[in-house]
Structure formats: C-alpha cells, structure tokens
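>>> Structure for this input, please:
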Amino acid sequence: MVQRAVSRGGRRAACHPKPSGARPSASASANGKRGGLILRRRASEAPRLRPLYVANREDLSASLDGERLKGLIEPLSAEEWNKDSWRTKPVLQQPDYPDEAEVAKVHEQLCKLPPLVFAGECRNLSEKLAKCSKGEAFWLQGGDCAESFTEFSANHIRDTYRILLQMSVVMMFGGGIPVVKIGRMAGQFAKPRSAPTEIIDGVEYPSYRGDIINDCALDFAARVPDPNRLVSAYHQSASTLNLIRGFSTGGYARLNRVDEWNLDFMNKSDEGKLYMDLAARVDEAITFMEACGVGSQTSVMSTTEFYVSHEALLLEYESALTREDSTTGLWYDCSAHLVWVGERTRQLDHAHMEFLKGVGNPLGIKISQKADPAELIELIATLNPTNNPGRLAVIVRMGAENLRERLPLLLRAVRDAGQQVTWICDPMHGNTEKLNGYKTRRYENIRAEVEAFFDVHEQEGTIPGGIHLEMTGKDVTECVGGGSSVDAEDLGSRYDTFCDPRLNAEQSLELSFFIAQRLRQRRRNNL
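Reported below is the predicted structural model:
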C-alpha cells in the first residue's frame, strides 16, 4: 500500500495535499471477414484529408476498385477476436466494483449510446501517423494527466486547446513541418495505481483511480468504485468533443487569428512575447499568400484537424464503445481516435493487448527503460501484424540518461526487424520527483529528455516522430523551472492537478520553441 500524509481540506486536498505552510491557491458481435467495401475518395475531391470526415456507404458504392485505404488492418474472424474476448484473459488495473449486476446494466447502456468518434476520422489519423513515421509530419499530443468532473468547463477546454494550437504554430512555422494535433482529452479520466489502497493521515483508504471510477475525497463511501461514473465520463467526453469540433471548424482556429490565441496571463512573459513576434511573421506570410491568390477562406487557412486520445485502461468502457464499421467490416474503439496501452498493462498474454489487437484505430504503446528489445518486437508484431506505418506509435518514457543508454538498442532492434512505427517522446513520466512534499517535475529534466530523444535519433539515422506531454493552458505551478521561474517555494501557490504535475502554458510554449529549433536543424541536415 502507498502511505502519505495529508491535511484534510476538501477534494483537491485529498488528491494532492498541500504541505504545512504552503501558500493558498488563487454493439454487435464480430461476424468474421467481410470481403466488401473499401474506402476511397471520389475523383472529384481534392487529394487532401477533410477535417472530421465520416465515410458513408454512398461515397463508397460509387468508387470501389479493390484498393484498401492506408491505416486499415485485416478484420479478424469471430474465432480469432471479438470485442469481449479480453474477458478470457488475465486483466490488471480494473476497479473492484461491488455490484456486478450494476456493471452489466451500465455496460448495456453504454453499448446503446452513439459513438464519440467515427471510423473515418480514425482512418484520417492513421494516414497522418504514417507521415510522422516517415518524417513528413510531427506529432503533438498533450493535455491533462487526468480529466476531472469538477473542473470541467468550456474555458478549461478552450485554454488547453489554444495552447496546443500555439505550440503547433511554433513548430510548423519554426520547424517547417506539418503538425498533427492530438489532445489527451475527452476520455483521459482513469489512472493506474501501484497499490489498491493508500494511507492518508494514518487512515487506509481505497486508492483514488480517477473520476471515472471513484472520488478522491477522504470518505470511504466516495472511494467505492461506481460504474455509473462511466456514463458520466461518456457524457463529459461528448460535450468536450462537441466544443473541440466547434473550435476546429467554426473559425476559432483560423490562421489569421493566430495573434488572438495568446493567453491573457502570458502577455508580459518572455514566451508570450516570442509567440507574438512569431504571430506577426505568420500574419505577414498570410498576407503574402493572399496576394498570391491563396484566400483566407480556404479550408487549410480557416479550419484545423484536431484529434483526441486516452489510455485504454478501463476495458468495460472501451469495449462498450467499440463498434463495427459497416463500410469495411473492421471494429473501432469509438471512445477516441487513438488509444494507447500503458507500461503497466502491456503484457502480451493479458486482456489489454487482446482487446487492442482487434480494433482498427491507430494505437500507442508506452515503454520505459525496462523494455527488452525482443519483447518490444513481439509487442509491435501483435498490434501491427501487417506492418502498416499508420498503425502504431511507440511512446518512450525513460528519463534523459536512461534514454541515451536504452533507446539506441530498441531503435536498432525495430529497424533490423523491418518494423514500421512512429517513435514518440514522453519526457514527463521518467522525470517525476518529490519536492517540498509535492510531486513535481523539473523543466530542465524534461527538456533534457527531449534533447536526448532528438540526439539519439540523429545518431541512429532514425526519425523522431513526435512529443507526448502532460500540460495545461492554465497558469499553474506544478513543474519547476523554465522561463516561468516556478521554484520549489511556488509549488503550493497554484498546484491544481488531480494527478501528476503538468507543464503550464509558458513552460509548454518554451518547450515548443526548443522542439521547433531541433526540427529546423533536422530539416537543414537532410537537405
């Protein structure tokens, strides 16, 4: 069990207590292979991906020629896999619900609810992931460690969304490469735990596992897993996606508004000023493009593509939202465009790998310095048996020194096996420490791991495909260092996380300028 001391003081105090003296904080079953419908664009359409495109049977029936769209896997037969076959395998990190009948009732309810995302959107993301694996695009994935019910608001979603927009503009303009934007949003609720209980103020409670499972209040009844929270998480995710879609296609993300995305509290910061300087250069470039006849009303200028992702931890939730795509016969986990399996649940013969191998989404797999090259080869082969470059991202979380030692071995093994994946750097999880009683991360260590990631890929002749961050658009004080000058004494000021410490907006933007510099350097080296 985990032990920690905490003063009683409400929900956040229960999740992340402040040390004494801290300053106050301002359905259908699988039916085997189908030989029928293959997705293809109509000849009249431009050869680009449309945002939030959903394939329909009318589009398909007009243009079938036997060509399979990139990103698709071969459907598995009912004997090989179905969306509930994971129940026959050992499973970890699942809540111990007291009433199985209630769980079954909730599962049935979720099975009847509409999908949160669509198969066509997932296929679009697969095509983009393939580009990242080849160095033709860069993957930017970020958001909260864990979403919460109590902090859910339009402003919170907007602030995270626009800092991701800012970071993408910095990387695109500075690095000269398209950026694929993916939020840890609209489903990132659950958190794996190292022990089923934790000791707080000398009292042993069931561990808090995220709002989708239980509440972090210091109350035994609140800590009991409640399956009805799965439905609450679904509805919050639907609302989040609705807002994101509105932002992406309704004008908020227009490139000629790039100077309006700056967050108010960043106006006087060094990072904010750097961003505004860059925004002015972008505006000049847009003026030039308009003078050349590229109007601001074109979709590339007026809309953006934004995807959502989360860890596929709660298999009761994921399987309930898995739907068969009638146009291809493939099954998709329609809770998110991309889902990943974590370091604690990626055992080859366990339930999470069994579930993910049969869904058509692009997938991620997180690995640490503990990963054995032979094991990684087998994991990749299980999730990507057709070796499709748009299928799988390997998300590396090691810490800078461990990464420099271990990543080259993994890169060589995957390259020698001829496997195609996108390599993503998660510089957060290998750099967590305790400081003044708070769980925190040092910006300098995060940047050092990103630097090591680029250095190792340059050394090995492989491709750094993207970045995966725990971050927020809020002015929090959870990670120390960087240009925002958060130090150990500041941690208690605005320590708002319900889970792990996040980069604030200034630190996130500062890191994006560094990544843009490395992308620009890589582009020049390859010319």
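>>> switch to C-alpha atoms for all contacts and neighbour counts from now on
OK.
>>> Low-confidence ranges, the chain, go.
Applying pLDDT under 70 to the chain picks out residues 1-72, 256, 259, 261-269, 271, 286, 288-302, 527.
>>> same thing but 80
Low-confidence segments of the chain, defined by pLDDT under 80: 1-72, 251-276, 278-302, 483-485, 498, 527.
>>> who touches the nearest residue to Ser148 once chain neighbours are set aside in this structure?
Spatially, and ignoring its direct neighbours in sequence, Ser148 is nearest to Asp211 (5.8 Å; Cα to Cα, 6 or more residues apart in numbering). By Cα atoms under 8 Å, 6 or more residues apart in numbering, the residues touching Asp211 are 147-149, 189-190, 229, 233.
>>> so how far is Thr440 from Asp211?
Computed with Cα to Cα, to the nearest Å, the distance linking Asp211 and Thr440 is 21 Å.
>>> do Gln347 as well
29 Å.
>>> So for those two, which residue has more residues nearby?
Thr440 (24 against 18; other Cα atoms under 10 Å).
>>> Sticking with that one, tell me its helix or strand.
If you go by DSSP states H and E, Thr440 is part of strand 438-441.
>>> Output the contacting helices and strands for that strand.
Identification of packing neighbours for strand 438-441 by 3 or more Cα pairs under 8 Å, 6 or more residues apart in numbering; DSSP states H and E yields strand 432-435.
>>> buried sites along the strand it packs on?
Buried residues in strand 432-435, counted by 16 or more other Cα atoms under 10 Å: Thr432.
>>> what helices or strands is it leaning on?
So strand 432-435, by 3+ Cα pairs under 8 Å, 6+ apart, packs with strand 438-441.
>>> Can you tell me the strand partners of the strand it packs on and which way each runs?
Using DSSP bridges, the strands paired with strand 438-441 in its sheet are strand 432-435 (antiparallel).
>>> So what touches the strand it pairs with?
In contact with strand 432-435 (Cα under 8 Å, 6+ apart) are residues 439-442, 488.
>>> can I get the residues you listed in TSV with distance to Val308?
Formatted as TSV, these follow (distance: Cα to Cα, whole Å):
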residue	distance to Val308
Lys439	26
Thr440	25
Arg441	25
Arg442	27
Ala488	33
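>>> hmm, back to that, alpha carbons only: can I get the helix or strand that comes right after the strand holding Thr440 in PDB?
Per DSSP H and E, the first helix or strand lying C-terminal to strand 438-441 is helix 443-460. Taking C-alpha atoms only, helix 443-460 is exported to PDB below (Å, rounded to 0.1, in the frame of the first residue of the first chain):
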ATOM      1  CA  TYR A 443      11.500  21.700 -16.700                       C
ATOM      2  CA  GLU A 444      15.300  21.300 -17.300                       C
ATOM      3  CA  ASN A 445      15.000  17.500 -17.000                       C
ATOM      4  CA  ILE A 446      12.000  17.400 -19.300                       C
ATOM      5  CA  ARG A 447      13.900  19.400 -21.900                       C
ATOM      6  CA  ALA A 448      17.000  17.200 -21.400                       C
ATOM      7  CA  GLU A 449      15.000  14.100 -22.300                       C
ATOM      8  CA  VAL A 450      13.600  15.800 -25.400                       C
ATOM      9  CA  GLU A 451      17.100  16.800 -26.400                       C
ATOM     10  CA  ALA A 452      18.300  13.200 -25.800                       C
ATOM     11  CA  PHE A 453      15.500  11.900 -27.900                       C
ATOM     12  CA  PHE A 454      16.500  14.000 -30.900                       C
ATOM     13  CA  ASP A 455      20.200  13.300 -30.400                       C
ATOM     14  CA  VAL A 456      19.700   9.500 -30.300                       C
ATOM     15  CA  HIS A 457      17.600   9.500 -33.500                       C
ATOM     16  CA  GLU A 458      20.200  11.700 -35.300                       C
ATOM     17  CA  GLN A 459      22.900   9.300 -34.100                       C
ATOM     18  CA  GLU A 460      21.000   6.200 -35.300                       C
END
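>>> For this structure, which segments count as helices?
Counting by DSSP state H, one finds helices in the chain at the ranges 11-15, 57-61, 100-112, 119-133, 154-175, 228-249, 270-291, 299-302, 315-320, 351-356, 373-383, 400-416, 443-460, 505-526.
>>> how about the third one: buried residues?
Along helix 100-112, these residues count as buried under the neighbour rule (16+ other Cα under 10 Å): 103, 106-107, 110-111.
>>> and the two most separated of the contacts of Asp211?
Greatest spatial distance among these (Cα to Cα): Glu147 and Arg229, at 12.9 Å.
>>> More neighbours: which of these two?
Set side by side, Glu147 and Arg229 show more neighbours around Glu147, with 26 against 18, by other Cα under 10 Å.
>>> For the residue nearest to that one when sequence neighbours are not counted, give me its contacts.
Once flanking residues are discounted, Glu147 sits nearest to Phe189: 4.9 Å by Cα to Cα, 6+ apart. The contact partners of Phe189, by Cα under 8 Å, 6+ apart, come to 146-148, 210-212, 233.
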